[in-house]
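> Structure for this input, please:
(one chain, ligands or ions: 1)
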Amino acid sequence: MGSLAAPQPSGGSRSSVTTNHHEDDEDNGPERTLIRNATLVITMDPSLGTGPLGLIAHGDVLFEGDHIVAVGQHLSAQHANVINGKGTIVMPGFVETHNHMWQTVVRGCASDETFDAWASGCIRPLLSGAGLLTTEEVYAAVRLGTLDAIGTGTTTSVEFSHAPSLDFANGTLDALEHSGMRFVLAYRFRVGREAHVRSLFHDRIATNPLAGLQIGGPVATSAPATLADLNASIALARELGVMLHLHFLETSNDRTAHPVAVLQGTTVFDGTFDGRLLLAHALHVTDAELDLLAAHDARIAHNPLSNMRLASGVIRLPQMHARTMKVALGYDGGTNDTSDMFNTMRTAMGLQRATTLNAKIYPGVNEVLRMATLGGAEVLGIAEKVGSLTPGKKADLIILEPGTINFAPHVDWVSQIVLNGQPRNVQWVFVNGQTLMKHGKVVGVDEKEVVQEAEAAVDRIKTRLGR
Ligand SMILES: [Zn+2]
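Prediction:
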């Protein structure tokens, strides 16, 4: 291995990641890193390599500063840190589109319940009164979640924060910034929060190259207070030019509130939100509703592990694909319990096969791997920046070590990523050219301390709730 420095993440605020800037006496330009002779480079750009995923055998990847400069064979670069890629797989980092990292504090809660019992038993007590998380507790919870996400090779996460208080939203944003990840804060908006969201957006999101904002709205119902929040969410998302993110038809019970008719009563289908509406789950949809959503380029965040855990249902992925809808994967916080993109890919693929008895049903291995990377970037509208190793895009990439008990031997590595991969195979994670994980360890983070802080947060919350 070469002498790769571990620079600090370029976020909007200071990070706890240790800094160790590479100094080069002969060249004071941006830092360069060359991953040399990787056994397989999966570019996700068909124009750069073979097949739909743009594969390059024995390939090199060169990045400089925050972006990818070149991908190919036998690249050379002066003054570059060199990583010996022999025996490894280099690919874009995972882009997941729906999470609630604060819910790491309810991992394992109500594990044999469906959504309503889970939500009322595990979540609602933490959103008000004595159970309300302090800034410090939210920070500890989200911090744990970001490290879990990085550990599975996630370079972009969307944190749908329920934001029951200003402190809650602020603590969430602190932890996201300190993670060094690329992130989108989906702020669950309520009437009266306009000033807070605008100030976060202008002061901490728009100024941070790693950050994005979405407006998270309520689950659509015709209850007057919900409608008021929904209409105000639409108005604010429109004002700020950001995506609107809603939970949508997650359970069959949700149909009784007629969410499609409710949404049709708002301005969300007037054309101005085409490509900017992100719906989490969308399990219990009819063909006609899919036609409507497809006509407005609605994007879908699919969370298969959560859907299985809560017995919510199985998404109609092939029908969405037939309508060329953009669908990506998500971890969905506490209803999923684990951030593991390898398991997420396997279940997204497996649920369709198990329910149709058809091994050729969409998505196949190539398709689900694309869904987990470039597909996520497309859903979020950031595919011009990340999702593939196309030169000019940001250097968000991971290096997998396949020479392990769970993964070897070398037969068909693309298939093995989906069928055999585990977070332990992720050895290096780079976001915006910065090293977040090196040799399987998150850089500059004391994992024990992070775990202790999460434990302490849970203990305090339980004490306050008298549990
Ligand atoms: Zn969710």
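> So which residues of the protein form helices?
Counting by DSSP state H, residue ranges of the helices within the chain are 115-118, 135-151, 166-179, 194-200, 224-240, 259-264, 287-295, 304-309, 317-322, 341-356, 365-371, 374-380, 413-420, 447-465.
> What are the buried residues along the shortest one?
Going by neighbour count (16 or more other CB atoms under 10 Å), the buried part of helix 115-118 is 115, 118. Placement of C-beta: from N, CA and C, glycine included.
> what does it rub up against?
Residues lying outside helix 115-118 but in contact with it, judged by CB atoms under 8 Å, 6 or more residues apart in numbering, are 109-110, 250-251, 253, 310, 312, 335.
> please redo it, this time with the cut-off set to 10 Å
Outside helix 115-118, the residues within contact range by CB atoms under 10 Å, 6 or more residues apart in numbering are 106, 109-112, 123-124, 247, 250-254, 281, 306-307, 309-312, 334-335.
> Alpha carbons of that helix, as PDB, please.
Written as PDB, here are the backbone C-alpha positions of helix 115-118 (Å, rounded to 0.1, in the frame of the first residue of the first chain):
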ATOM      1  CA  PHE A 115     -45.900  -0.700  11.400                       C
ATOM      2  CA  ASP A 116     -48.500   0.800  13.700                       C
ATOM      3  CA  ALA A 117     -47.500  -1.100  16.800                       C
ATOM      4  CA  TRP A 118     -43.800  -0.500  16.100                       C
END
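> So what's the gap between it and the chain middle?
24 Å (CA atoms, centre = their mean, to the nearest Å).
> quick check: mean pLDDT across it?
Per-region confidence: helix 115-118 scores 96 on mean pLDDT.
> And for the longest one?
The predicted model gives helix 447-465 an average pLDDT of 96.
> Next, the buried residues of it.
Judged by neighbour count (16+ other CB under 10 Å), helix 447-465 contains these buried residues: 450, 453-454, 457-458, 461, 464.
> now those as a markdown table including distance to A395?
Shown next, in a markdown table, are the buried residues of helix 447-465 (distance: CB to CB, whole Å):
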| residue | distance to A395 |
| --- | --- |
| V450 | 25 |
| E453 | 30 |
| A454 | 30 |
| A457 | 33 |
| V458 | 36 |
| I461 | 38 |
| R464 | 43 |
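> Among those, which one lies nearest to V262?
Taking CB to CB as the measure, I461 is the one of these closest to V262, at 33.5 Å.
> what's the spacing between the closest one and A288?
Using CB to CB, to the nearest Å, we find I461 at a distance of 44 Å from A288.
> what does T390 give?
In this view, T390 and A288 are 37 Å apart by CB to CB.
> Who has more neighbours out of these two?
When T390 and A288 are compared for neighbours, T390 comes out ahead with 19 against 9, by other CB atoms under 10 Å.
> doesn't V69 make contact with that one?
No. With the criterion set as CB atoms under 10 Å, T390 and V69 do not qualify as a contacting pair; they are 11.1 Å apart.
> Tell me where the stretch 1-150 of the chain has strands.
Ranges of strands in the stretch 1-150 of the chain, per DSSP state E, counting those that start in this stretch, are 32-42, 55-64, 67-72, 80-84, 89-92, 94-95.
> Please spell out which residues along the fourth one are buried.
For strand 80-84, the neighbour count (16+ other CB under 10 Å) marks 80-83 as buried.
> Which elements pack onto that strand?
Where contact means 3 or more CB pairs under 10 Å, 6 or more residues apart in numbering; DSSP states H and E, strand 80-84 is packed against strand 32-42, strand 55-64, strand 426-431, strand 434-438.
> so G216 makes contact with T172?
No. Using CB under 10 Å, G216 makes no contact with T172, being 11.5 Å away.
> Which neighbours do those two have in common?
Shared between the contact lists of G216 and T172 (criterion: CB under 10 Å, 6+ apart) are residues 159, 161-163, 185, 187.
> Identify the farthest-apart pair in these.
Every pair of these checked by CB to CB; the farthest is H162 and L185, at 11.8 Å.
> send the alpha carbons of stretch 458-467 over as CSV?
Taking Å, rounded to 0.1, in the frame of the first residue of the first chain, the C-alpha atoms of stretch 458-467 are listed here in CSV:
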residue,chain,number,x,y,z
VAL,A,458,-30.4,5.2,25.3
ASP,A,459,-29.9,4.8,29.1
ARG,A,460,-30.9,8.5,29.7
ILE,A,461,-34.0,8.2,27.4
LYS,A,462,-35.1,5.0,29.2
THR,A,463,-34.7,6.6,32.5
ARG,A,464,-36.8,9.6,31.5
LEU,A,465,-39.5,7.3,30.1
GLY,A,466,-39.4,5.3,33.3
ARG,A,467,-38.5,2.1,31.5
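> Let me see the residues that make contact with that stretch.
Judged by CB under 10 Å, 6+ apart, the contacts made with stretch 458-467 from elsewhere in the structure are 104-107, 125-126, 129-134, 136-137, 140-141.
> Low-confidence stretches in the protein?
For the chain, the stretches flagged by pLDDT under 70 are 1-27.
> mind redoing it with 90?
Low-confidence regions of the chain, defined here as pLDDT under 90, cover residues 1-30, 77, 334-338, 467.
> Settle this for me: I234 is touching L263, isn't it.
Yes. Contact criterion CB under 10 Å: I234 and L263 qualify, at 9.4 Å.
> what do those two both touch?
Overlap of the contact sets of I234 and L263 (by CB under 10 Å, 6+ apart) consists of 217, 246, 273, 277.
> Who does A80 form a beta bridge with?
On the basis of DSSP bridges, A80 is bridged to R32.
> how much space between it and G65?
12 Å.
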